[in-house]
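Asks: Structure here, sequence nowhere to be found:
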């Protein structure tokens with residue numbers, strides 16, 4: 001007897017055995033409750049099952065297992081069979097044996113697992129040859145689900161975990177890494193094509209088999225770095241195209257938004273497809289660090305991300321008008337994304353300098369969109385980099401607020417003084433900046449200003465020194481603003497021009513009321529007629545007490561700009577000024593707008609640090625850090641000291657900076673050798689990699 005007939009006959013004998021067992025339990029119920037428990041004898045069920053196993057099962061167990069495996073294989077192949085035969089047969093086999101599930105495990109389950117591994121091993125070989133990585137994973141997932149359903153419907157539940165583990169090892173354990181590394185359809189391809197479901201399936205199997213997590217994180221990081229290079233390559237391409245047209249590139253906002261979108265995509269992959277795994281999170285961190293500290297080869301402008309980020313912050317925090325004006329919520333969201341990228345910068349000291357210069361311009365020119373947004377941004381920076389990073393920013397905000405209160409008190413005394421004097425005094429509002437907390441400026445204190453402006457400055461100096469004894473005022477005229485009023489004979493209404501004090505001093509030379517010893521008109525003053533004498537470069541420089549090389553840069557803003565107040569007497573097409581040129585008032589000047597602003601002259605008022613100065617400042621900071629650590633620890637190994645220094649240096653990375661090319665010896669090692677030469681440290685004679693602090 002074989003086939004389904006064998007299974008049916010076995011089930012019939014099994015049912016008869018169950019019926020006989022129930023009969024004896026009913027007839028001898030009292031005996032079973034008392035005598036058997038007291039004497040610990042075998043129960044009627046044990047005797048019945050052992051008899052059934054010895055007489056019926058042992059003679060057909062091999063044939064039963066073969067028939068069961070044959071029917072299960074037919075089920076896998078999609079053939080129509082009687083599934084209840086398998087289920088009932090397995091149910092009877094599971095009750096046999098000297099211990100629980102012994103016959104089931106030894107006679108059937110072991111053979112079932114071997115058959116499953118062999119079948120799906122052949123399938124895996126075929127899939128690997130002809131299918132893509134994504135298709136292979138999908139088929140493997142479908143096979144695992146199919147076997148799970150088969151076990152749940154026909155076999156004992158204890159088999160589920162065993163068959164899943166066996167098939168995972170057969171289908172995935174030795175193949176998942178090879179699938180990920182496939183060049184044309186592996187994980188990197190899925191990341192590039194944004195196949196999120198297949199990516200999640202990859203991660204699911206990698207975690208289940210316990211292999212390939214490091215490789216998955218490596219590929220994810222390579223994907224981020226490749227996209228970072230593409231972003232920077234697009235930027236370089238735009239720079240090169242713009243440089244050919246002799247134009248200026250203003251794509252920082254577009255590039256930053258591209259980076260924000262890419263970062264959001266990467267974060268979504270890490271949190272959703274990779275379930276926030278620590279390895280994937282670390283890969284994202286390192287990939288973003290690569291992006292924000294990358295130096296694009298072939299960039300004509302040598303643009304660094306720290307400068308782009310600082311410029312983008314400045315654009316968001318400035319007052320915006322017209323079509324470029326964005327909602328406050330959108331602006332806050334962009335600033336939050338800026339902070340996320342800022343946390344990955346290696347050269348935070350360079351960013352701090354650029355951000356400080358931009359903040360100074362916003363505060364001094366009163367172009368900041370909101371004081372609350374400025375404080376919120378500073379708070380974000382403080383949370384990431386500490387109090388020392390934002391100390392200067394907070395002092396700058398305090399200076400601006402304090403200057404407003406100080407100006408209100410000064411105005412009361414100013415009006416009293418103006419009423420007491422016969423000569424006009426220009427209205428004055430002063431911003432007092434704390435020395436050392438603002439960017440370094442180059443003051444032109446020798447500038448000869450019009451008399452009304454000088455009078456107002458002397459009055460404020462007297463007031464300030466009376467209130468703050470022992471302090472010193474240094475006037476920075478390049479940062480100031482003056483309102484000059486002028487009237488043209490051909491125009492009915494007077495014009496008001498907003499300019500710097502240096503521009504005002506030169507423009508007032510052309511006024512009809514100018515005198516050789518001093519200017520009687522100044523900020524807020526009125527000139528009856530702008531018709532005056534012609535001036536040369538040398539005469540203007542002598543009149544305002546400036547070098548001759550500064551004068552052309554200032555005059556060009558009034559000769560070649562849209563607000564053309566002066567004429568160059570020499571007729572030429574080029575917009576350059578020669579030393580023998582003469583200048584006079586543009587009598588044909590006209591404008592529909594009565595209040596105009598002149599472009600400020602490029603006098604390089606902010607002293608920018610060269611790369612050598614940045615390196616020197618970093619060297620001093622690193623040196624102080626090494627001495628501080630060694631003074632506290634007394635003796636340290638080189639590797640431990642280097643690790644301690646890197647942990648404490650938050651503003652830059654001496655060994656990982658992308659600003660410079662890779663150098664032969666790291667900054668920390670150079671600093672240590674310098675300290676040894678100056679007898680701050682010494683090497684241990686027995687261990688040259690160990691240092692001791694010299695008190």
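Replies: Nice, thanks for sending it over. As the structure is a prediction and not an experimental result, all values here were calculated from the model.
Asks: List the buried residues in whichever strand or helix holds residue 689.
Replies: Using DSSP states H and E, residue 689 sits within strand 687-693. Neighbour counts using 16 or more other C-beta atoms under 10 Å place 690, 691, 693 of strand 687-693 among the buried residues. C-beta coordinates here come from the backbone N, C-alpha and C atoms, glycine included.
Asks: Out of those, the closest to residue 502 would be?
Replies: Nearest to residue 502 among the buried residues of strand 687-693 is residue 693, at 53.3 Å by C-beta to C-beta.
Asks: count of neighbours near the closest residue in space to that closest one that isn't next to it in sequence?
Replies: Spatially, and ignoring its direct neighbours in sequence, residue 693 is nearest to residue 630 (4.1 Å; C-beta to C-beta, 6 or more residues apart in numbering). Residue 630 has 21 neighbouring residues, counting by other C-beta atoms under 10 Å.
Asks: Just confirm residue 630 is within a strand.
Replies: No - assessed with DSSP: H, G, I helix; E, B strand; the rest coil, residue 630 is helix; it does not lie in a strand.
Asks: re the thing from before, take the buried residues of strand 687-693 and lay them out in TSV including pLDDT and distance to residue 11.
Replies: Output for those, formatted as TSV (pLDDT from 0 to 100; distance: C-beta to C-beta, whole Å):
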residue	pLDDT	distance to residue 11
690	88	80
691	88	83
693	87	87
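Asks: shaky segments in the stretch 451-600 of the chain?
Replies: Applying pLDDT under 70 to the stretch 451-600 of the chain picks out residues 512-532.
Asks: one more time with 50, if that's ok
Replies: The model of the stretch 451-600 of the chain has pLDDT under 50 over residues 515-530.
Asks: And the helices in it?
Replies: When assigned using DSSP state H, counting those that start in this stretch, the helices of the stretch 451-600 of the chain occupy the ranges 451-467, 501-507, 537-544, 551-559.
Asks: okay, the ones you listed in CSV with distance to residue 368 and mean neighbour count next?
Replies: Compiled in CSV, the helices of the stretch 451-600 of the chain are given as follows (distance: least, C-beta to C-beta, whole Å; neighbours: other C-beta atoms under 10 Å):
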stretch, distance to residue 368, mean neighbour count
helix 451-467, 24, 17
helix 501-507, 22, 25
helix 537-544, 32, 18
helix 551-559, 24, 21
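Asks: who wins for proximity to residue 313 among the ones you listed?
Replies: So among the helices of the stretch 451-600 of the chain, helix 551-559 is nearest, using C-beta to C-beta, at 27.7 Å.
Asks: can you give me the angle that closest one makes with helix 537-544?
Replies: Helix 551-559 and helix 537-544 meet at an angle of 90 degrees, taking axes from the mean of the first three to the mean of the last three C-alpha atoms, to 10 degrees as the criterion.
Asks: Run the chain-centre distance for helix 551-559.
Replies: Here helix 551-559 shows a centroid-to-chain-centroid distance of 42 Å under the convention C-alpha atoms, centre = their mean, to the nearest Å.
Asks: Need the contact partners of that helix.
Replies: 502-503, 506-507, 537, 540-541, 544, 564-568, 575, 577, 583, 598-603 (C-beta atoms under 8 Å, 6 or more residues apart in numbering).
Asks: can you pull the contacts of the residue nearest to residue 693?
Replies: Applying C-beta under 8 Å, 6+ apart, the residues near residue 630 are 636, 641, 680, 681, 691, 692, 693.
Asks: between the residues you listed, which is closest to residue 208?
Replies: Of these, the one sitting nearest to residue 208 (C-beta to C-beta) turns out to be residue 641, at 43.2 Å.
Asks: Quick one: neighbours of the closest one, just the number.
Replies: 22.
Asks: which helices and strands sit right next to the helix or strand where it lies?
Replies: Element membership for residue 641 (DSSP H and E) is helix 638-648. On a contact count with 3 or more C-beta pairs under 8 Å, 6 or more residues apart in numbering; DSSP states H and E, helix 638-648 meets helix 611-633, helix 667-677, strand 687-693.
Asks: mind running it again at 6 Å?
Replies: helix 611-633 (3 or more C-beta pairs under 6 Å, 6 or more residues apart in numbering; DSSP states H and E).
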